[in-house]
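[1] Prediction below, plus the sequence it came from.
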Amino acid sequence: MSAADFQKLATLFPNETVTHSYVQDIELPAVNGTSPGTFALVTLDNGLDHSKPTTLGPNTLVELGTVLEGLRERAARGEIVGVGVTGKPYFLVAGADLSTVKSVSGREQGLWMAQLGHEVYSTLANLGVPSFAFINGLALGGGLEIALQSTYRTVSTGAGALALPEAFIGLVPGWGGVYILPRLIGPENAVKVMIENPLSNNRTLTGPQAFDLGVADAIFEPADFVEQSVAWAAKVIAGVETPARAAAVDPADPAVAERWAGAVAAGRAFVEAKTSNASPAPAKVLDVLEANRTMTQAESAELECETLADLMQTDEFRSTVYAFLDLVQRRAKRPAGAPDRKLARPVTKVGVVGAGLMAGQLALLFARQLKVPVVMTDIDQARVDKGVTYVHGEVDKLLAKKRISPDAANRTKALVSGSVSKEAFADADFVIEAVFEELNVKKQVFKEVEAIVSPECILATNTSSLSVTAMAEDLEHPERLVGFHFFNPVAVMPLLEIVRAPKTDDAVLATAFVLAKGLKKSAVLVKDAAAFVVNRILLRLMGEVTAAFDEGTPADVADNALRPMGLPMTPFVLGAMVGLPVAQHVQESLHAAFGDRFPVSKNLQALIDNGVTSVWDPASVKAGSPRIPEETLALMSFGDSPSTGEEVLRRVQDALAEEIGLMLSEGVVAGPEDIDLCMILGAGWPMFLGGITPYLDRVGASERVNGKKFLPAGVASEPAA
């Protein structure tokens, strides 16, 4: 493409939030009494505050390329001796502008954008003088690739997120990272950064971790990071500082070639285990990595561009952008149906009924995030002491991992107390129960608490499946009760299902949403219907697989039938993790509410009655060869109607399409987007599924069962012609 073609591409995106390239000339500090010369520092800044990260779209890249061309001309004239690139506070660059990428029309435009990035980055790599990237903050994808294309790199100890997350979002590192990184830090570490981290909940590197891996040549504190980086650059340019890099990784070396092949093979095994190859992007990253060992950088660049252009046209990529951008980044921050936050009441003290494991997790979360007193109660002092001790122990673990300061640890411990009397809730503003999942038990708890607390105190239940409406029946003020359903483990899972019963008032609901934000959770408003969203969908799925097993389908066929979906774990493994008694209890609740769509398995009940905790032998699962012990098989009986894996998969697809269609018709949530958001944040379902409804649209289940797709064309799919 020509410069004119790139300019034409940029004009197609008039709404892009442009990250500008501001140039400042700096006279380098003296080294041995003499300044090495003038240094041009490029600062990437979109002019917005820290809540709006800098990104790379076509207009941004064209401007950066123009600036770099000018600097290359200045370097040729001897006006500058080096070029640095840094970012606005907290960011180098957050990567490609996904809003722009999402709107790319057709493969040709995608190819142009990939080529534009390479054209600009090639200029940075060939300025005629040394180039430096000063990684002052977050550097993702194309942002980190700017640094990799530079001659030298420094990083701040405060930089909190460095990554090449493209495998996670359905692409490949397409602007040189997949070529440069393995040659810089070795193929094994490159696979860790490009495959293992993205597919492990999009894990990122801190500045110190990146430095330890060899991604950066020097590391400095945040307070004077740019000044220290410029001083270091002066020493490098003057020749008195030579970065202590690891020995160069030569792909032509037979020993390195063997390591390279081993790293790629390990990456493929990891992808298979994590995603069952249900998304094309991770395998494509490894394909490019495998091929470029014997390529020049220019040849690799061509392959990267072609691969990017192909992947941008996949529905898995479109689903990922929908899930990440439209749902996690946007809808989660503006929950559908949430009342005006101005109605929310202040919460200065929290009560937790119960002192078991879940109660302890809740107490710790409220104390850490809200920094208000939290009091736990239980039926005897031993239980109370055990609960408080658990919280203190978890704080000590955070301190040992340096995730919390000594002062913060002491303050958090001091905020959590226990009592055997619910009178301790008298001055609480918010009381949440975390007791046994039995309706009468919860109703009794709320009756006792309501007799003690103020009229304004909000009561919340962490129930996973019971009726919030039924819990409120005997309350004098049923409008004060709200469902506040966390997912386990509480500290990790980001979803909160906020359940509105018919009489829950707006002030209570508004307070719940404000609390959720204070707890750093993403809240979704759900109607009071059995099992709400996540558990209803999971139990429908598990019920269909279990039914197929009970009918005579071999265990390995039934449990592995959903592998093409790429879910985090198989149904039998999930059941064991949740706990068979818990799963069965929720299934019984759903059966009572919805009938035969949620069958209760006699085989699972037989296992529960005999103290068996898993269909599979747990040790065999860890060993990678799941099997059912003979003594477990002897407890069960099976039908004579086995299904194939394909039949089980289609059965589950259709069941999920049916259940979600019913949930939407019942008004359980505002729309299919909330179903998808719940499955991503509450069940860890993959971004490339788009949650679940884009997948069901893609495989035809939505139309088979409901006669229409859940989402319109162009939302997580190819735009309508």
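    Nice, I can see it.
[2] Check the secondary structure at residue 263 for me.
    Residue 263 carries the three-state label helix when classified by DSSP: H, G, I helix; E, B strand; the rest coil.
[3] Grab the nearest non-local neighbour of it.
    Once flanking residues are discounted, residue 263 sits nearest to residue 187: 3.8 Å by CB to CB, 6 or more residues apart in numbering. Any C-beta I mention is one placed from the backbone N, CA and C, and that applies to glycine too.
[4] Roughly how far does that neighbour sit from residue 178?
    Relative to residue 178, residue 187 is positioned 11 Å away (CB to CB, to the nearest Å).
[5] what's the answer for residue 342, then?
    49 Å.
[6] Repeat that for residue 455.
    For residue 455 relative to residue 178 (CB to CB), the value is 62 Å.
[7] Looking at these two, which is more packed in?
    residue 178 (29 against 8; other CB atoms under 10 Å).
[8] need the contact list for that one.
    For residue 178, the contacting residues are 164, 172, 190, 194, 285, 288, 289, 292, 300, 304, by CB atoms under 8 Å, 6 or more residues apart in numbering.
[9] Quick one: mean pLDDT over stretch 181-192.
    Here stretch 181-192 scores 97 as its mean pLDDT.
[10] what do you get for stretch 455-470?
    96.
[11] in it, what's buried?
    Neighbour counts over stretch 455-470 (16 or more other CB atoms under 10 Å) mark 457-469 as buried.
[12] Can you name the two of these that sit furthest apart?
    457 and 465 (24.9 Å; CB to CB).
[13] Now do the helices in the stretch 601-721 of the chain.
    602-609, 618-622, 630-633, 645-666, 672-683, 693-698, 701-706 (DSSP state H, counting those that start in this stretch).
[14] got any ranges where the stretch 201-350 of the chain has weak pLDDT?
    Filtered on pLDDT under 70, the stretch 201-350 of the chain yields the residue ranges 246-247.
[15] Which residue ranges of it form helices?
    Using DSSP H, counting those that start in this stretch, helices in the stretch 201-350 of the chain cover 207-213, 225-238, 254-275, 280-292, 297-311, 315-321.
[16] Check those for me and report the most buried one.
    helix 315-321 (a mean of 24; mean count of other CB atoms under 10 Å).
[17] Next, the contact list for the spatially most central residue of the chain, please.
    Compute the mean C-alpha point of the chain, and by CA atoms, centre = their mean the closest residue is residue 201, 5.0 Å away. Applying CB under 8 Å, 6+ apart to residue 201 gives the contacts residue 684.
[18] for the one 4 residues further on, same thing?
    Shown in contact with residue 205 (CB under 8 Å, 6+ apart): 161, 162, 163, 193, 197, 213, 215.
[19] now these as CSV including secondary structure and distance to residue 21?
    Listed next are the contacts of residue 205 as CSV, based on DSSP: H, G, I helix; E, B strand; the rest coil; distance: CB to CB, whole Å:
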residue, secondary structure, distance to residue 21
161, coil, 22
162, strand, 21
163, strand, 23
193, helix, 26
197, coil, 29
213, helix, 28
215, coil, 23
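[20] Closest one to residue 437 out of those residues, please.
    For these, the nearest to residue 437 is residue 197 (36.3 Å; CB to CB).
[21] What is the burial count for the closest one?
    Residue 197 has 20 nearby residues by other CB under 10 Å.
[22] surely it meets residue 203?
    Yes - using CB atoms under 8 Å, residue 197 is in contact with residue 203, at 4.2 Å.
[23] list the residues that contact both of the two?
    In contact with both residue 197 and residue 203: residue 163, using CB under 8 Å, 6+ apart.
[24] And the closest residue to residue 427 other than its chain neighbours, how far from residue 387?
    Using CB to CB, 6+ apart and skipping the chain neighbours, the partner closest in space to residue 427 is residue 349 (5.9 Å). Distance, residue 349 to residue 387, by CB to CB: 17 Å.
[25] Over to residue 369?
    18 Å.
[26] do the same with residue 126
    Residue 126 is 63 Å from residue 387, by CB to CB.
[27] higher neighbour count, those two?
    Counted by other CB under 10 Å, residue 126 and residue 387 do not tie: residue 387 has more neighbours, with 24 against 11.
[28] ok, back up a step: export the contacts of residue 178 to JSON lines and tack on distance to residue 551?
    As requested, the contacts of residue 178 are exported to JSON lines (distance: CB to CB, whole Å):
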{"residue": "164", "distance to residue 551": "45"}
{"residue": "172", "distance to residue 551": "42"}
{"residue": "190", "distance to residue 551": "47"}
{"residue": "194", "distance to residue 551": "43"}
{"residue": "285", "distance to residue 551": "40"}
{"residue": "288", "distance to residue 551": "44"}
{"residue": "289", "distance to residue 551": "44"}
{"residue": "292", "distance to residue 551": "49"}
{"residue": "300", "distance to residue 551": "51"}
{"residue": "304", "distance to residue 551": "48"}
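[29] Where does pLDDT dip in this structure?
    Looking at the chain by pLDDT under 70, you get 1-6, 246-247, 721.
[30] Looks like residue 29 contacts residue 230 (just checking).
    Yes - between residue 29 and residue 230 there is a contact under CB under 8 Å: 7.2 Å.
[31] what bridges to the closest residue to residue 424 other than its chain neighbours?
    Of all residues not flanking residue 424 in the chain, residue 375 sits nearest, at 4.6 Å (CB to CB, 6+ apart). As for beta bridges, residue 375 partners with residue 351, residue 417 under DSSP bridges.
[32] Now do the buried residues in stretch 638-654.
    Those would be 642, 643, 645, 648, 649, 650, 651, 652, 653, 654, for stretch 638-654 by 16+ other CB under 10 Å.
[33] Closest to residue 520 out of those residues?
    residue 652 (33.0 Å).
[34] where does the closest one sit relative to residue 95, distance-wise?
    Applying CB to CB, the value for residue 652 to residue 95 is 35 Å.
[35] same thing with residue 169?
    9 Å.
[36] And for residue 266?
    26 Å.
[37] Give me the distance between residue 140 and residue 92.
    In terms of CB to CB, residue 140 sits 9 Å off from residue 92.
[38] These two: who's more crowded?
    Using other CB under 10 Å, the more surrounded residue of residue 140 and residue 92 is residue 92, with 28 against 24.
[39] residue contacts, the closest residue in space to the more buried one that isn't next to it in sequence?
    Distances taken as CB to CB, 6+ apart put residue 139 closest to residue 92, at 4.0 Å, once the chain neighbours are dropped. By CB under 8 Å, 6+ apart, the contact list for residue 139 reads 87, 91, 92, 93, 146, 147, 159, 161, 162, 163.
[40] Then residue 361?
    So residue 361 contacts 486, 488, 489, 490, 491 (CB under 8 Å, 6+ apart).
[41] Looking at the residues you listed, which are in strands?
    Per DSSP state E, strands hold no members of the contacts of residue 361.
[42] which one among those residues gets closest to residue 574?
    residue 488 (12.2 Å).
[43] sec struct for the closest residue to that closest one other than its chain neighbours, please.
    Spatial nearest neighbour of residue 488, excluding adjacent residues (CB to CB, 6+ apart): residue 358 at 7.2 Å. Following three-state DSSP, residue 358 is assigned to helix.
[44] mind checking how far residue 358 is from residue 481?
    Taking CB to CB, one finds residue 358 at 19 Å from residue 481.
[45] Those two: which is more packed in?
    Taking other CB under 10 Å, residue 358 and residue 481 do not tie; residue 481 has more neighbours (26 against 17).
[46] which phi and psi does that one have?
    phi -100, psi 140 (degrees, to the nearest 10).
[47] got a list of what it touches?
    446, 459, 460, 461, 468, 471, 472, 475, 501, 503, 504, 508.
[48] and residue 29, what is it in contact with?
    Counted by CB under 8 Å, 6+ apart, residue 29 has contacts 35, 230, 231, 234.
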